[in-house]
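# Give the three-dimensional model of this entry:
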Amino acid sequence: IRTVYHGLPKGLIKPTTSKGAYFAFLGRICPEKRVDRAIKIALEMKTPIKIAAKVDQVDKTYFHDEIEPLLKNTYVEYIGEIGEGEKEDFLSNAIALLFPIDWPEPFGLAMIEAMACGVPVIAYRRGSVPEIIEEGVTGYIVDTFEEAIKAAQKVGSIDRQKCRQKFEEKFTADRMAQDYISTYEKIIRDKEVKKRPNQNFQVTTN
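Numbers count the residues shown, from 1 in each chain. Below is the predicted model:
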């Protein structure tokens, strides 16, 4: 069994050397994505946060009851859903992407979109996060709010060029395609070996 990670076209999102001016949250607003955590991290750091996220119909009540009151703070800017062409500018100007999920996320495309910009990620240790984030290189993995604050305090020291480099090594579409090719080639080879007839050799002695 082999895991093939998602990939993005190498030139789709370009890296930046900017250190950023705000924390970013990108995705959906729903209980398991925990945008409330992201907001609380930003407020504790006294740093602006921009939220680019959609609200599905099923989550409207949650949004109005739990999240909307938090958006009144002057540190918080709710942008709403953004298109693919807007992600580069949104992420490139961020200090870090906050990814405070509370469920076993199968992958989390937003993490590698941030890495493609050279932007580090602060993520909770759930689902695929430990497989995607390289501690201290592309971001920090945390288990508690206190750890998230410590990560936010030092995330600016991460080298954005190295962050982008890790994206190019592990999460490009070319790498994904090559991994699929090599995986299928191995499957074919293994099947061919199984199809070969068994050759029984009889040893005789005089």
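# Can you check which helix is longest in the protein?
Ordering each helix of the chain by length in residues (DSSP state H) puts helix 173-195 first.
# any idea how far that one is from the chain center?
26 Å (Cα atoms, centre = their mean, to the nearest Å).
# Need the phi and psi values for Ala24.
Backbone torsions of Ala24, given as degrees, to the nearest 10, read phi -120, psi 140.
# need the contact list for it.
Ala24 makes contact with 49-50, 52, 90-91, 94-98, 114, 119 under the criterion Cβ atoms under 8 Å, 6 or more residues apart in numbering. (C-beta placed from N, C-alpha, C; glycine too.)
# picking that back up, identify the residues contacting the longest helix of the chain?
Counting by Cβ under 8 Å, 6+ apart, residues outside helix 173-195 touching it are 2, 4-10, 169.
# show me where this protein has helices.
35-45, 60-62, 84-92, 109-116, 129-132, 145-154, 160-170, 173-195.
# Would you mind pulling the contact partners of the third one?
I take that to be helix 84-92. Taking Cβ under 8 Å, 6+ apart as the rule, helix 84-92 contacts 13-16, 18, 20, 24, 26, 50, 52, 79, 82, 97, 113-114, 117-119.
# Now render the contacts of Ala24 as CSV, adding pLDDT and distance to Glu32.
Below are the contacts of Ala24 laid out as CSV (pLDDT from 0 to 100; distance: Cβ to Cβ, whole Å):
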residue, pLDDT, distance to Glu32
Ile49, 99, 19
Lys50, 99, 21
Ala52, 98, 18
Phe90, 96, 22
Leu91, 96, 21
Ala94, 97, 22
Ile95, 98, 24
Ala96, 98, 20
Leu97, 98, 17
Leu98, 99, 15
Ala114, 96, 19
Val119, 97, 23
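# Poorly predicted segments of this structure, please.
The chain contains residues with pLDDT under 70 at 1, 196-206.
# Closest to the centroid, which residue in it?
Met111 (1.9 Å; Cα atoms, centre = their mean).
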